[in-house]
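Participant: When you get a sec, could you give me coordinates for this:
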Amino acid sequence: QGAGDDNRLNVKLDSFQIVDGTISYLDSEKGAFERIEKLNSDISFDSLKGPFRLEGKAAIRGVPVTVQSSTGKLKPDAPLPFLVEVKTPGGNTELRLRGSLSDPTGDPSIKAEVTVAVDDPAALLRATVGGSAPAVMAQELSIQAGLDASAKAVVLNAIEVEFGEARFTGDIKAGLGETQKVSVVLRAGNLNLDAFLDGGSEKAAKTPTDADSGAKPAGGETASPQMKTAAAAGFELPTDIEATLDVVADVVQFEGSVIRGLTTKAALKDGRVSVEDISAVFPGNSTVGVKGSVVAASGEPQVDLRVTGRSDNLREVLEWLDIDVSAVPADRLRRFTVSTDVAGMPQNLTARNIAMKLDSSRISGGLALVLRDKPAFGLRIAVDRLNLDGYLPPKERPINVKPGETAKKAEPADETPGYIDAIQML
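Facilitator: Prediction:
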């Protein structure tokens, strides 16, 4: 019987071709529709046990894609080795998957190495969704990871991401049950944002855009129907996915200074994002922290956040932000603390329970901000005490003169900052 089985598998196919084919997929529950067009492929195998080979071309959402794949030979109780390579001209993109398939006729699982290389992600975005892309996206992107996949879960482990000058490592896990569960963990030791942003600007300046060349996105002039539908629906959060995000950058170089311990931890469940921790240590030993939640309401994000901040040297922070405080006496703008509850939607935000302390002054109140065609705001503020003179430049004093000479006033500063003029008008 074993020999007979082998004979039945001794079927050889030199070439099976698909010419200008089309594959359509409709998910009636989610209303998703996918279409693969201009499908041309050549399939061959030495026997029904393999090896199998496939070469093909197609257009997915209007984007031309080439595929090459090959496998080893099916053997009892042995994994089936395979290699898959997918390439697209948009952004000079290549996906490579090399690994093995275990138990293909029973409970199949895949163990493989994944490599992704995109020479220009901005060009890839223009080719797939149309429109323009931020200049920072025009940098080389490479991803390497280990893949363990089955019908129950997909795991990407030992991920290494290089995006321009940015480097990340981490893991991504996804459970494929009735409720999908996703966990994302990313780490960066030293993230040089200055070099990353400069690299994107330099490459974008050297790379002609589609508008410059007169070219159109491969998928047409507009975004895909799926994107149009998502845009029309507005902001939404899925209710059938549970996800956690944990991103930490130990050191971030930005604007010539260092930000330490940049942390983002959040969780999605039942259509609600719980912001567990967004925090960092900025120049001047200054910390900022955000906690709270985000939900979708009427197609827009609605936030309910607790924001806190503290600085041992507010002057250093303001100088880092290119705000000139040289006219303020050096003993001012030092210690600063703030806390408030921020709630609302992007066009209508309120800051309640504002509590600030600046040097020796305590400030409390609330703020309502409406960002429409005609922006408006309401502000209530209470200050226990404020020494305005302490924040003004020193008054002019006569220069020391010798007996018999006429005293002259000190030369005034060349320019008085605008905010000092505003304070003096109070």
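
Participant: and stretch 185-203, how far from the chain's centre?
Facilitator: Centroid displacement of stretch 185-203 relative to its chain, using CA atoms, centre = their mean, to the nearest Å, is 12 Å.

Participant: Would you mark the buried spots in it?
Facilitator: By neighbour count on 16 or more other CB atoms under 10 Å, the buried set for stretch 185-203 is 186, 188, 191-193, 196-197, 199-200, 203. (C-beta placed from N, C-alpha, C; glycine too.)

Participant: Could you write out the alpha-carbon coordinates of it in PDB?
Facilitator: What follows is stretch 185-203, C-alpha atoms only, in PDB (Å, rounded to 0.1, in the frame of the first residue of the first chain):
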ATOM      1  CA  VAL A 185       6.800  45.600  23.100                       C
ATOM      2  CA  LEU A 186       9.500  47.900  21.600                       C
ATOM      3  CA  ARG A 187      12.700  49.200  23.100                       C
ATOM      4  CA  ALA A 188      15.300  51.800  21.900                       C
ATOM      5  CA  GLY A 189      18.600  52.300  23.800                       C
ATOM      6  CA  ASN A 190      19.700  55.600  22.200                       C
ATOM      7  CA  LEU A 191      17.300  57.200  19.800                       C
ATOM      8  CA  ASN A 192      18.800  60.200  17.900                       C
ATOM      9  CA  LEU A 193      15.800  62.100  16.700                       C
ATOM     10  CA  ASP A 194      17.900  65.000  15.400                       C
ATOM     11  CA  ALA A 195      19.700  62.700  13.000                       C
ATOM     12  CA  PHE A 196      16.500  60.800  12.100                       C
ATOM     13  CA  LEU A 197      14.600  64.000  11.200                       C
ATOM     14  CA  ASP A 198      17.600  65.500   9.300                       C
ATOM     15  CA  GLY A 199      18.100  62.200   7.400                       C
ATOM     16  CA  GLY A 200      14.500  62.300   6.200                       C
ATOM     17  CA  SER A 201      14.700  65.900   5.000                       C
ATOM     18  CA  GLU A 202      17.900  65.300   3.100                       C
ATOM     19  CA  LYS A 203      16.600  62.300   1.300                       C
END
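
Participant: From here on, call the first residue 40.
Facilitator: In the new numbering, first residue 40, that becomes stretch 224-242.

Participant: now what about it, what contacts it?
Facilitator: Applying CB atoms under 8 Å, 6 or more residues apart in numbering, the contact partners of stretch 224-242 are 159, 173-178, 198, 200, 202-211, 285-295, 301.

Participant: now do 7 Å
Facilitator: Stretch 224-242 is touched from outside by 174-178, 203-210, 285-294, with contacts defined as CB atoms under 7 Å, 6 or more residues apart in numbering.

Participant: How about stretch 322-334?
Facilitator: Contact with stretch 322-334 is made by 276, 296, 310-321, 340-353, 355-356, 359, as judged by CB under 7 Å, 6+ apart.

Participant: Mark which of those residues are part of helices, please.
Facilitator: With DSSP state H as the criterion, helices contain 353, 355-356, 359 from among the contacts of stretch 322-334.

Participant: With neighbour count as new columns, can those be given to me in JSON lines?
Facilitator: Below are those laid out as JSON lines (neighbours: other CB atoms under 10 Å):
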{"residue": "Leu353", "neighbour count": "21"}
{"residue": "Glu355", "neighbour count": "19"}
{"residue": "Val356", "neighbour count": "22"}
{"residue": "Trp359", "neighbour count": "17"}
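
Participant: From these, pick the one nearest Ala335.
Facilitator: For these, the minimum distance to Ala335 (CB to CB) is 33.7 Å, reached by Val356.

Participant: Which helix or which strand is home to the nearest residue to that closest one once chain neighbours are set aside?
Facilitator: Leaving out its chain neighbours, the residue that sits closest to Val356 by CB to CB, 6 or more residues apart in numbering is Gly323, at 4.7 Å. Assigned by DSSP states H and E, Gly323 belongs to neither a helix nor a strand.

Participant: Number of residues surrounding Gly323?
Facilitator: Residues near Gly323, counting by other CB atoms under 10 Å, number 20.

Participant: I appreciate the help and will end here.
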